[in-house]
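[1] model this:
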Amino acid sequence: EVQFVESGGGLVQAGGSLRLSCAISGFTFSNHAIGWFRQAPGKEREGVSCISSSDGRTHYADAVKGRFIISSDNAKNTVYLQMNSVKPEDTAVYYCKGRLDCHSTLVFGSWGQGTLVTVSS
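    Model (predicted):
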């Protein structure tokens, strides 16, 4: 069974940092990509960042570029999202998912619980 389990969310003050983790099982990351998504209250889910296993390239939404860093630890089957200089508008439930590649809309597995990030002003 393909599973992506997010953790690391919490309450953080604006300007602070947080690191999210995505534990992966049942999915061959080496042939695909992992993406982070988020959904804020009352808004549609949006892509935040993506990392490709084939070439290690990373991609970021304009809203988080320069503040967030995606990385992977293949030995631990874990992908991280380091969130720096967070803003109240970063408040959302964050999800990680396997992707065919960082330019594809195809995702693998079901959407889990996600991890809630709340940024206070």
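[2] lowest-confidence helix or strand of this protein?
    Between all helices and strands in the chain, the lowest mean by mean pLDDT, DSSP states H and E belongs to strand 107-108, at a mean of 90.
[3] just checking, what packs against it?
    strand 92-99 (3 or more Cβ pairs under 8 Å, 6 or more residues apart in numbering; DSSP states H and E). (Glycine included, C-beta is placed from N, CA and C.)
[4] Can you list the neighbours in contact with the strand it packs on?
    2, 4, 6, 9, 20, 22, 24, 27, 29, 32-41, 43, 45, 48, 50, 79, 81, 106-109, 111-112, 114-117 (Cβ atoms under 8 Å, 6 or more residues apart in numbering).
[5] and the residue most central in space within the chain, which of the three is it?
    With distances taken as Cα atoms, centre = their mean, residue 36 lies nearest the centre of the chain, 2.4 Å away. Secondary structure assignment for residue 36 (DSSP: H, G, I helix; E, B strand; the rest coil): strand.
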